[in-house]
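Undergrad: below is the sequence, then the predicted model.
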Amino acid sequence: MTEDKPTFRHLRERYGLTTTALAQEARVAPDIVYFMLVERKVERVEAEQVLAALSRLTGVRYTLADVRVVLWE
């Protein structure tokens, strides 16, 4: 159930990461990270890149299965 998943915003704030740092690590435009923060739709591949970057920066594995992200269908 998605309500049980933490939001991307919550995780970014928990770890004190900047939008720029996440975008650079993920090799995506900062807009993609911003869209994820405000729960706007993003492409699956971009969301996976950002979550992989979050995982590398935090040492904790995060995937679409355990983080609430709004995707284009």
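TA: Received the coordinates, thanks.
Undergrad: give me the below-cutoff pLDDT ranges for the chain.
TA: Where the chain drops to pLDDT under 70, the residues are 1-3.
Undergrad: what segments of it are helices?
TA: Secondary structure of the chain (DSSP state H): helices at 8-15, 19-26, 30-37, 44-58.
Undergrad: most packed of those?
TA: helix 30-37 (a mean of 19; mean count of other CB atoms under 10 Å). (Glycine included, C-beta is placed from N, CA and C.)
Undergrad: what's the angle from that one to helix 8-15?
TA: 100 degrees (axes from the mean of the first three to the mean of the last three CA atoms, to 10 degrees).
Undergrad: now for helix 30-37, which elements pack on it?
TA: Contacts defined by 3 or more CB pairs under 8 Å, 6 or more residues apart in numbering; DSSP states H and E place helix 30-37 against helix 8-15, helix 19-26, helix 44-58.
Undergrad: want to try CSV for the ones you listed, with distance to residue 66 as columns?
TA: Below are those laid out as CSV (distance: least, CB to CB, whole Å):
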stretch, distance to residue 66
helix 8-15, 10
helix 19-26, 17
helix 44-58, 9
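Undergrad: will you turn the helices of the chain into TSV that also has distance to residue 73?
TA: Below are those laid out as TSV (distance: least, CB to CB, whole Å):
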stretch	distance to residue 73
helix 8-15	18
helix 19-26	21
helix 30-37	15
helix 44-58	9
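Undergrad: so who does residue 68 touch?
TA: By CB atoms under 8 Å, 6 or more residues apart in numbering, residue 68 lies in contact with 2, 5-8, 39.
Undergrad: recalculate using a threshold of 10 Å.
TA: Residue 68 sits next to 2-11, 36, 39 when contact means CB atoms under 10 Å, 6 or more residues apart in numbering.
Undergrad: in a markdown table, list those residues along with distance to residue 50.
TA: Output for those, formatted as a markdown table (distance: CB to CB, whole Å):
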| residue | distance to residue 50 |
| --- | --- |
| 2 | 17 |
| 3 | 21 |
| 4 | 20 |
| 5 | 15 |
| 6 | 14 |
| 7 | 13 |
| 8 | 8 |
| 9 | 12 |
| 10 | 14 |
| 11 | 10 |
| 36 | 6 |
| 39 | 13 |
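Undergrad: out of those residues, who's nearest residue 65?
TA: residue 5 (8.5 Å; CB to CB).
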